[in-house]
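In: Provide a 3D model corresponding to the input given below.
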Amino acid sequence: MKTPRPSARMPHLTQLRNLKMARSAHAYVRGSTVQFYEWLHSLPGRRLPSGPPIWICGDCHAGNLGPTGDNNGRIDMHIRDLDQTVIGNPAHDLVRLALSLATAARGSDLPGVTTARMLEEMMLGYAQAFKDKPDEVPPRPSQVKAGMRSAVERTWKHLARERIDDVRPTIPLGKHFWALSRAEKSALQALCGSDELHHLVTSLKGRPKDAKVELMDSAYWVKGCSSLGLLRYAALLRVGDKDDQEYCLIDIKEAVGAAAPRAARAKMPRDNGRRVVEGARQLSPGLGERMLATRFLDHGFFIRELLPQDMKLELDELSEIDAMHAAGYLARVVGIAHARQMDRATRRDWMAMLQENRSRQLDAPSWLWTSVVQLVGSHEQGYLDHCRRYALEH
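Out: Numbers count the residues shown, from 1 in each chain. Sure thing, here's the model as predicted:
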């Protein structure tokens, strides 16, 4: 397959993003972070409670949670995509997750009452995270169990076949990987030879600190949805010598300003790459310790080695029971990430605030239900308009 020239990438990436967002309403929600925050700035969006300023995901849809591994080989469910992370209002993560779950339920043709029950389970799961012992493992719903089982069993060969279509030490150009410019090749060569990247790669359990790290191949990576159009590269590295060597795949992603609003007077790194890494260390420490912020080609980037255990959670064809269990479990994962940043008094006050404005008919805050109803409606309209503009052209 012939890939576009580096100077002609943008029209192809824009078209691809639009087509991806037209595949389903749930895909549209995943790719429409900016629209979500435009709603938040509107009058209805301003009615959310003002939670304590902490690091939030900023784009907390279900696809951004999943199994991840840490440097010591441990695997657990975490927030796994933190491009939008800021010090902000934790209520924003709750509403974003609720919208995602509601859209997944509609995609599974579940009745509207199931969405109401999912929100109730979501708030129960979130609240439990503020009561559980930090090391206590919550029960996992069937989709999460399947994802975790797959994550534990995955090896480098699985990762290579999934990401680069091969297990040989090259990155084949084609649908997912495009050619680099000379400047990009030179910059990536310098980056992969740096001490900071060497330290990142050799920090994984079992790798000698003095292991040789060599760049084998690199390419522009066509990956994601809302991030399509940003600079993103894949680098295939060989670690160790001929008698004891392994390969690793490095994801190098441009960091840009977050659409998520930050809390007033919040002190965050000005550099967007450092912001993402710091947010990851607060919300998903095992992942954050595997990340690095840097600059090259006059842009800020964040970098991580992709482990075979890093997987996206898919919520397709949900039953009513599965949907409710998944809502409670995923909200609990988000709650753990939020709660670890709060002291006991702040946790208590935040929980008290979330208990307010509940009706006899719904054991979830009225502002959450109202927000989801409004957002589902506006995103459904946006999705249909998007399909009319883009999908019908192809």
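In: for the longest helix along the chain, name the packing helices and strands.
Out: Within the chain, and with DSSP state H defining each element, the longest helix by residue count is helix 366-390. Taking 3 or more CB pairs under 8 Å, 6 or more residues apart in numbering; DSSP states H and E as contact, the helices and strands that helix 366-390 lies on are helix 9-21, helix 25-30, helix 33-40, helix 90-107, helix 112-129. Where you see a C-beta, it was placed from the backbone N, CA and C, and this is true even at glycine.
In: turn the ones you listed into TSV, including mean neighbour count, distance to Ala323 and mean pLDDT.
Out: Rendered in TSV, the data for the helices and strands packed on helix 366-390 read as follows (neighbours: other CB atoms under 10 Å; distance: least, CB to CB, whole Å; pLDDT from 0 to 100):
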stretch	mean neighbour count	distance to Ala323	mean pLDDT
helix 9-21	16	23	88
helix 25-30	22	13	81
helix 33-40	18	21	85
helix 90-107	25	5	91
helix 112-129	20	6	90
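In: can I get those in JSON lines including distance to Gly240?
Out: Compiled in JSON lines, those are given as follows (distance: least, CB to CB, whole Å):
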{"stretch": "helix 9-21", "distance to Gly240": "34"}
{"stretch": "helix 25-30", "distance to Gly240": "38"}
{"stretch": "helix 33-40", "distance to Gly240": "39"}
{"stretch": "helix 90-107", "distance to Gly240": "40"}
{"stretch": "helix 112-129", "distance to Gly240": "40"}
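In: for Pro169, find the nearest of those helices.
Out: With distances scored as CB to CB, the stretch of those nearest to Pro169 is helix 9-21 (25.1 Å).
In: contacts for that closest one, please.
Out: By CB atoms under 8 Å, 6 or more residues apart in numbering, the surrounding residues in contact with helix 9-21 are 4, 27-28, 30-32, 178, 220, 222, 225-226, 228-229, 383, 386, 389-391, 394.
In: out of the residues you listed, which are buried?
Out: Buried residues within those, defined by neighbour count using 16 or more other CB atoms under 10 Å: 27-28, 30-32, 178, 220, 222, 225-226, 228-229, 383, 386, 390.
In: buried residues in stretch 356-366, which are they?
Out: Within stretch 356-366, the residues scored as buried using 16+ other CB under 10 Å are Arg358, Ala364, Pro365.
In: can you pull the contacts of the last one?
Out: By CB under 8 Å, 6+ apart, Pro365 lies in contact with Pro49, Met123, Leu354, Glu356, Asn357, Arg358.
In: then the second one?
Out: Applying CB under 8 Å, 6+ apart to Ala364 gives the contacts Ala116, Leu119, Glu120, Met122, Met123, Arg358.
In: I'd like the distance between it and Ala331.
Out: Distance of Ala364 to Ala331, computed by CB to CB, to the nearest Å: 11 Å.
In: give me the common contacts of these two.
Out: Applying CB under 8 Å, 6+ apart, one finds that Ala364 and Ala331 are jointly contacted by Met122, Met123.
In: having no further points to raise, I will conclude here.
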